[in-house]
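In: Next comes the sequence, and after it the predicted model I'd like to discuss.
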Amino acid sequence: MLWLIWEMWILLALFFAAGVIAGWVVRARSDDAGAPAPRQLGFATRMDSRSGEADADGDAPPAPEPAPQSQTGFETGPAPASAPSGADDLTAIRGLGPKAAEKLAGAGITRYAQIADWSEADVARFDALLNARGRITRDDWIGQARKLTG
């Protein structure tokens with residue numbers, strides 16, 4: 001076996017190089033498959049927002065503004081909605097972090113009194129919404145909210 005490798009080292013090196021090149025090409029194509037297709041050149045028509053028909057001048061619609069990006073280059077998404085002026089700091093409840101408080105605010109829960117009035121059905125609904133896996137009951141958010149309300 002060693003003799004065969006010694007005699008055919010040139011062929012083995014060529015096949016190895018061909019395999020590396022083929023792998024590189026396949027990988028480059030698979031990386032490009034996830035990228036959006038380049039904009040095709042052609043006739044652009046602007047759709048009239050009222051009727052859904054193209055304008056007579058055929059102008060392209062204005063491009064939407066890009067999403068804001070952080071300094072790291074990743075999209076930051078929409079700015080979080082500011083809490084109403086009379087909202088309580090829900091993060092004072094042990095086990096309720098800023099992300100959960102933001103989701104609750106999006107669902108209309110901004111006061112300790114609202115959490116203190118939750119029923120078992122509300123607990124189940126918000127546990128599923130927040131993916132809390134029983135944390136609401138385990139950390140007694142309702143009891144903590146009752147203490148914080150008064």
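Out: Nice, I can see it.
In: For the rest of this, base every contact and every neighbour count on C-alpha atoms.
Out: Fine.
In: The longest helix anywhere in the chain packs against which elements?
Out: Longest helix in the chain by number of residues, with DSSP state H as the criterion: helix 9-33. Contact partners of helix 9-33 among helices and strands, from 3 or more CA pairs under 8 Å, 6 or more residues apart in numbering; DSSP states H and E: none.
In: Report the residue spans of the protein with pLDDT below the cut-off.
Out: Residues of the chain that meet the criterion pLDDT under 70 lie in 1, 30-85.
In: list the contacts for Trp141?
Out: In this structure, Trp141 makes contact with 93-95, 115-116, judged by CA atoms under 8 Å, 6 or more residues apart in numbering.
In: Recalculate using a threshold of 10 Å.
Out: Applying CA atoms under 10 Å, 6 or more residues apart in numbering to Trp141 gives the contacts 90, 93-96, 112, 115-116, 118, 123, 135, 147.
In: quick one: it from Ala132, how far?
Out: For Trp141, the distance to Ala132 equals 12 Å [CA to CA, to the nearest Å].
In: Name the residues contacting each of these two.
Out: Common neighbours of Trp141 and Ala132, using CA under 10 Å, 6+ apart, are 95-96.
In: list the contacts for Trp9?
Out: By CA under 10 Å, 6+ apart, the neighbours of Trp9 are Phe15.
In: what does Asp89 give?
Out: 83, 98, 101, 110-112.
In: Since that was my last question, I'll sign off now.
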